[in-house]
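Peer 1: No letters, just coordinates:
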């Protein structure tokens, strides 16, 4: 790592983006594949990011009036069948529990004790939570019912990728029931707004809020809304969804209530979720060719202090000075929590140590050596600048200014991601030839190098969808923010009024 | 609820203890049975208690140097088989995933896509975490490895009871690896101490720390240590366990390291866990015939303010006064968090409202009416006193003194539980006739009314165990605190030195 032109992660993004992603995840010790097909192990550094995101989202979920609860991991097969499009959506990829015991037969353990009814490991919990809701909701006085669950879910995906698509993942799923469609729709948008706010402000990922086209709705939903982010390969990542379920699941689960007027009505329900997939999105938004860059608001540690000890006799003084900086910083807070500092005293080469922390994406590195003690200073490296871009900073300035510095980095990450995204949204493509050319890789060896997002008109007809499929492009969403202008569909050329975001996607 | 001699929960503890427990759980809206055999739904009030316990235990787990991580829900059958006594312990009660898809056949959904190797839904994670540890541990520099996981686990119990024994439950499981047996043993005791401290100080449940007899060890452990609590039916509840696993699981999972001396050694591992079972223990320790009593440190809400509105024209003023009290209290903190206050404005009878909160076990009720506004006071009811035991308290005294009052209640709950337990430990029983009489129900209609704990000598021989089994009594533990005296086994009359705690147990 001595030359300016080398990078800590190999390959670089432009060389092989999918492999670069795997290497960033590995080098930052975020997660790894397990012995169980498609299931990942989330390592402490990755789980620390999830805990920080979870804490900040959980606070917002509670502030908007929701309570956490916990429902069974298993769903009886008959429950899944209650909603026709729901079962169709999840039957193809679910883990099925069929037995409840193991017995040795011919020296081999085999499943015995077959269940009368197979159980599905929850891929999502509308049907099992609906069963409770049908008992909890009796009168209009019980509404709205605003529940959230933090849980693991399983979808038997065939092609998996750490964080982005795994057979088991962690998420929160909100489930609410309301007396009127209007209130349920309002809730759906409220939680979409919460997601957009937390993803932009905490994960520093700019998103576009929009509605899914009918073909992309959640199985059983009346309307699905989403937030879409752009990754550095200019593909889209669906970062969160919020569904207005109408009375579909209320009818399936028999969630009825006595109205103020004395009539019996089905409730209107919503559901909404974000998952550990967001960590994949964060990596693909902020990491660079030197590895991860973690937005300070979710960093498990904000600062590493690296003692530089040229001679053994200086060790005690340098370590003492390093600890005094750490102690002073820990008394300061950033974003509502104490600043988290680690003093890395490991007996390994200083260069290796620095690069390890660069690859882990820690926001700030502070180096301190014998001379810094005299000068009451330290060397500051920021992960939002180049790896050798250093600055001397005084003890007091570092301690007093750290919170503002972290906030500046948080904003920089967001602004950089937003500038990248905005530079890669084409709004000028008006016909399909240009559209197809934009999305077609110039180099067949590198299919990941293609266009970006197109903001264009969309007619919504079946022929248009077919042409998109051929290009492997999808309508990511109909943005909530619409121009209201008339135009022609960018795919079919027929008159169209709706603006849509088109992209290849994860 | 107008007569002094009635109670809010029916039956009372002395009438039918198991049914009383169910009714307390129901009346407090803590949890309910689900449509899935043995799996419970944890309702918001119950989950709020779990979240508070989790936060306080998680802090201690991190302060003792552990990091959280997450491992797969599924365990390949072959992994479970790696440790012989482990598989024997869990094979009889596990959920087995055998298929990964559902297909409609003859109009019926059936499991298809059979897995090459069945997967077990984790009953505990030693074997799947061991697989990661075998990769993470290479050198003595990688040790100690100190990991914790918050997760759901499944054990296919045949007889279930809300919180105390459910097919699925929530827990944390710590897993650590060390270079020496001494360090691993030290870790085992350290976490036992953490458990004892958190259960006593946060849940206000006095516990006895001890070692399990060989027959009661965790499957695969070299030594199992536990904390045992006494419930109000004088049965024991194992409230947490910490296992020294020796090299058993390291050998099964191939966790080896290069020692400082250059030799290859197997690591020594530990595991330790507590679960949602603790909520069952908390209920059975503190609830009374009027319902739940929640120790303030885990109460989802500390205080309810009940506005008393005799005439409609007083409503606005009373509500305003109630909100001003709430606002002032919320600025105060208790046990490191803001005091949580709810103003119950629901339009239902005041008496019903009060009893609802009594049954939910909220620590403090404050009633405010029109006259209290003039006097700048309120009526205070504490859940650790009788339901009609009221006191007038001034606005400022209430606000300034609330944290101390909550702490006093927390201590009272602990002291009451400790006095009850200590009064029900017999230390004077020296022979088996007296021992058997103590544990034999006086009334066969009420098998739950029996003795309590016996602290006596234990020889540990097989004949003694058989006699205990007949009485349905178990050795709960060999307390860490030993008298060191000589005596005779309370079961067999043979010479014995070890003190043991004997009890019927959950």
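Peer 2: Yes, it's here. Note that the coordinates shown come from a computational prediction; the quantities given were computed from them, not determined experimentally. Residues are numbered from 1 along each chain as shown, chains lettered A, B, ... in the order given.

Peer 1: Could you report the pLDDT at residue A:451?
Peer 2: We have a pLDDT of 84 for residue A:451.

Peer 1: which one is it nearest to, not counting chain neighbours?
Peer 2: residue A:438 (3.8 Å; C-beta to C-beta, 6 or more residues apart in numbering or on different chains). All C-beta atoms are positioned from the backbone trio N, CA, C, and that covers glycine.

Peer 1: what phi and what psi does the backbone show at the one you found?
Peer 2: Residue A:438 adopts backbone torsions of phi -60, psi -40, taken as degrees, to the nearest 10.

Peer 1: Give me the buried stretch members for stretch A:233-242, please.
Peer 2: Using 16 or more other C-beta atoms under 10 Å in any protein chain shown as the test for burial, stretch A:233-242 gives A:233-242.

Peer 1: same question, stretch A:317-332
Peer 2: Buried residues in stretch A:317-332 (16+ other C-beta under 10 Å): A:318-319, A:321-322, A:325-326, A:328-329, A:332.

Peer 1: Of those, which ones also sit close to chain B?
Peer 2: Near chain B, judged by C-beta under 8 Å from any C-beta of the partner chain, there are no entries from the buried residues of stretch A:317-332.

Peer 1: Please narrow those residues to those residing in helices.
Peer 2: Those of these mapping onto helices are A:318-319, A:321-322, A:325-326, A:328-329, per DSSP state H.

Peer 1: Nearest to chain B among those?
Peer 2: Comparing these against chain B with C-beta to the nearest C-beta places residue A:326 closest, at 16.1 Å.

Peer 1: what about the closest residue to the closest one other than its chain neighbours, how many residues close to it?
Peer 2: Closest residue in space to residue A:326, ignoring its immediate chain neighbours: residue A:341 at 4.4 Å, by C-beta to C-beta, 6+ apart. If you count neighbours by other C-beta atoms under 10 Å in any protein chain shown, residue A:341 ends up with 22.

Peer 1: residue contacts, residue A:341?
Peer 2: With contact taken as C-beta atoms under 8 Å, 6 or more residues apart in numbering or on different chains, residue A:341 is in contact with A:301-305, A:325-326, A:329-330.

Peer 1: Give me the buried positions along stretch A:350-368.
Peer 2: For stretch A:350-368, using 16+ other C-beta under 10 Å, the buried residues are A:353-368.

Peer 1: Let's see which of the residues you listed end up in helices.
Peer 2: Using DSSP H, the buried residues of stretch A:350-368 in helices are A:353-360.

Peer 1: just checking, residue A:233 is part of a strand?
Peer 2: No - counting by DSSP: H, G, I helix; E, B strand; the rest coil, residue A:233 is not part of a strand but coil.

Peer 1: Quick check, it in contact with residue A:287.
Peer 2: No - Residue A:233 is beyond contact range of residue A:287, at 11.7 Å (criterion: C-beta atoms under 8 Å).

Peer 1: If we only consider the ones in helices among the buried residues of stretch A:317-332, which is nearest to residue A:267?
Peer 2: residue A:329 (50.5 Å; C-beta to C-beta).

Peer 1: How many residues are close by residue A:477?
Peer 2: For residue A:477, the number of neighbouring residues by other C-beta under 10 Å comes to 25.

Peer 1: Check for me that it belongs to a helix.
Peer 2: No - judged by three-state DSSP, residue A:477 forms no part of a helix; its state is strand.

Peer 1: Next one: the nearest residue to it once chain neighbours are set aside from chain B, what distance?
Peer 2: In this structure, residue A:477 finds its nearest non-sequential neighbour in residue A:210, 2.7 Å apart by C-beta to C-beta, 6+ apart. Distance, residue A:210 to chain B, by C-beta to the nearest C-beta, to the nearest Å: 31 Å.

Peer 1: which secondary structure element contains residue A:210?
Peer 2: In this assignment (DSSP states H and E), residue A:210 forms part of strand A:208-211.

Peer 1: Show me what that strand pairs with in its sheet, parallel or antiparallel.
Peer 2: Using DSSP bridges, the strands paired with strand A:208-211 are strand A:223-230 (antiparallel), strand A:474-479 (antiparallel).

Peer 1: What lies in contact with that strand?
Peer 2: A:192-193, A:196, A:223-229, A:476-481, A:501.

Peer 1: Buried members of the residues you listed into ChimeraX, please.
Peer 2: Applied in ChimeraX, the following selects the buried portion of the contacts of strand A:208-211 according to 16+ other C-beta under 10 Å:
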select /A:192,193,196,223,224,225,226,227,228,229,476,477,478,479,501
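
Peer 1: Tell me the predicted confidence for residue A:379.
Peer 2: So, for residue A:379, pLDDT stands at 98.

Peer 1: Are we agreed that it is in a strand?
Peer 2: Yes - under three-state DSSP, residue A:379 sits within a strand.

Peer 1: wait, what's in contact with the residue lying closest to residue A:92 once chain neighbours are set aside?
Peer 2: Distance criterion C-beta to C-beta, 6+ apart; nearest residue to residue A:92, sequence neighbours excluded, is residue B:101 at 5.8 Å. Contact partners of residue B:101, counting by C-beta under 8 Å, 6+ apart, are A:91-94, A:96, A:156, B:111-113.

Peer 1: And the strand or helix carrying residue A:62, what does it pack against?
Peer 2: Secondary structure assigned from DSSP H and E places residue A:62 in helix A:44-63. With contacts defined as 3 or more C-beta pairs under 8 Å, 6 or more residues apart in numbering or on different chains; DSSP states H and E, the packing partners of helix A:44-63 are strand A:67-68, strand A:145-154, strand A:168-178, helix A:181-201, helix A:277-286, strand B:67-68.

Peer 1: quick check: longest helix of chain A.
Peer 2: Ranked by number of residues, the top helix in chain A under DSSP H is helix A:395-423.

Peer 1: what's the angle from that helix to strand A:223-230?
Peer 2: Orientation check (axes from the mean of the first three to the mean of the last three C-alpha atoms, to 10 degrees): helix A:395-423 against strand A:223-230 gives 110 degrees.
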